[in-house]
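Asker: how does the following fold in three dimensions:
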Amino acid sequence: MNCPRCGAVNNEGTTYCVHCGLPLAGEQQPYSPAPGGQPPYGGQPPYGGQPPYPPYQPPYQQQQPVSKDSSSCGFSILGFLFPLIGLILYLVWKDATPLRAKSCGKGALFGFILSVVFGVIGGIATSLL
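Answerer: Next up, the predicted model:
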């Protein structure tokens, strides 16, 4: 059974629309005031001046899931120990999760700089011996 007001599909035997609350027993028209805001029957609107049915609202739209992006100490350490992996992770994640990508990139950069410094120191030490 489709609701005459909002078009929502309801189970057989339901007395009210599951979406907008319109009574489905019989052919009833939804409340709509005449132009000028006065009720069509000339009296006061029921329920303290409020229309008996809530205004139609479109169905809830699914929101995009929120990305849980945060800097990560573990990925910084991974990038430090393996700078190439840290660089790859930075390039893969830089658009989707920028904070996590930045952690990987920093770790990779510090790991690369430290390995170059130790390589230079090791080269100088071996040449002096």
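Asker: tell me which strands and helices the longest helix anywhere in the chain is in contact with?
Answerer: In the chain, assigned by DSSP state H, the helix with the most residues is helix 98-128. With contacts taken as 3 or more C-beta pairs under 8 Å, 6 or more residues apart in numbering; DSSP states H and E, helix 98-128 sits against helix 73-81, helix 83-93. For glycine as for every other residue, the C-beta is placed from the backbone atoms N, C-alpha and C.
Asker: of all the ones you listed, which lies closest to Thr15?
Answerer: With respect to Thr15, and counting by C-beta to C-beta, the nearest of these is helix 83-93 at 53.1 Å.
Asker: can you tell me what sits against the closest one?
Answerer: For helix 83-93, contacts defined as C-beta atoms under 8 Å, 6 or more residues apart in numbering pick out 75, 78-80, 100-102, 104-105, 107-109, 111-112, 115.
Asker: which of the residues you listed sits closest to Asn10?
Answerer: Using C-beta to C-beta, these come closest to Asn10 at Arg100, 46.0 Å.
Asker: which intervals of this structure have sub-threshold pLDDT?
Answerer: Scanning the chain for pLDDT under 70 picks out 25-58, 61-67.
Asker: try 90 this time
Answerer: 1-72, 75, 96-97, 128-129 (pLDDT under 90).
Asker: can you list the domains in it?
Answerer: 1-53, 73-128 (automatic domain parsing).
Asker: turn those domains into JSON lines, columns for mean neighbour count and distance to Pro59.
Answerer: Formatted as JSON lines, the domains of the chain follow (neighbours: other C-beta atoms under 10 Å; distance: least, C-beta to C-beta, whole Å):
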{"stretch": "domain 1-53", "mean neighbour count": "12", "distance to Pro59": "8"}
{"stretch": "domain 73-128", "mean neighbour count": "16", "distance to Pro59": "29"}
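Asker: export the ones you listed to JSON lines and tack on distance to Tyr60?
Answerer: Listed next are the domains of the chain as JSON lines, based on distance: least, C-beta to C-beta, whole Å:
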{"stretch": "domain 1-53", "distance to Tyr60": "10"}
{"stretch": "domain 73-128", "distance to Tyr60": "26"}
